[in-house]
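Asker: This is a predicted model, with the sequence first.
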Amino acid sequence: MAATTMNMPSHIHNGTVLYPSLDAYNSALYEYTRRQFEEAQQEARLRSEKRQASGSKARTHAPGRRST
């Protein structure tokens, strides 16, 4: 019993040795995905603004095209 309880902390310690690299990888991955997401959001916002600006015109033109 005493031997197993003594071994546990060493296992936990061995585990923490691997974590810094994992944290670095996760943070880098997070930064990258966040940047990608922000860029995509900006593009979507610009696209929706363009659609709203030209959408009002397109909506008025569309019925005219269909009727003719």
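Answerer: Received it, and whenever you're ready, just let me know what you need. Residues are numbered from 1 along each chain as shown.
Asker: mind listing the helices for this protein?
Answerer: Using DSSP state H, the helices of the chain run over 2-67.
Asker: which residues of it score low on pLDDT?
Answerer: 1-20, 55-68 (pLDDT under 70).
Asker: burial measure for Gln42, as a count.
Answerer: Counted with other CB atoms under 10 Å, the neighbours of Gln42 add up to 10. Backbone N, C-alpha and C define where each C-beta goes, glycine included.
Asker: and if you look at Arg47?
Answerer: For Arg47, the tally of surrounding residues (other CB under 10 Å) stands at 10.
Asker: how near is it to Thr33?
Answerer: As judged by CB to CB, to the nearest Å, Arg47 and Thr33 stand 20 Å apart.
Asker: Check Ser48 too.
Answerer: Counting by CB to CB - Ser48 and Thr33 are separated by 22 Å.
Asker: Likewise for Asn26?
Answerer: Look at Asn26 and Thr33: by CB to CB, they are 10 Å apart.
Asker: One more: Glu39?
Answerer: Counting by CB to CB - Glu39 and Thr33 are separated by 11 Å.
Asker: ok, now Gln42?
Answerer: Counting by CB to CB, the gap from Gln42 to Thr33 is 15 Å.
Asker: Over to Tyr25?
Answerer: Distance, Tyr25 to Thr33, by CB to CB: 12 Å.
Asker: before we move on, what about Ser27?
Answerer: With the distance defined as CB to CB, Ser27 ends up 11 Å from Thr33.
Asker: What of Ala24?
Answerer: Distance check for Ala24 against Thr33: by CB to CB, it reads 15 Å.
Asker: Then Ala53?
Answerer: When CB to CB is the yardstick, Ala53 and Thr33 sit 30 Å from each other.
Asker: same question, Ser54
Answerer: From Ser54 over to Thr33 the distance is 31 Å, taken as CB to CB.
Asker: And for Lys50?
Answerer: 26 Å.
Asker: Equivalent analysis for Gln41, please.
Answerer: For Gln41, the distance to Thr33 - CB to CB - is 12 Å.
Asker: what's the answer for Leu46, then?
Answerer: Per CB to CB, Leu46 is found 20 Å from Thr33.
Asker: Could you do Ala44 as well?
Answerer: 16 Å.
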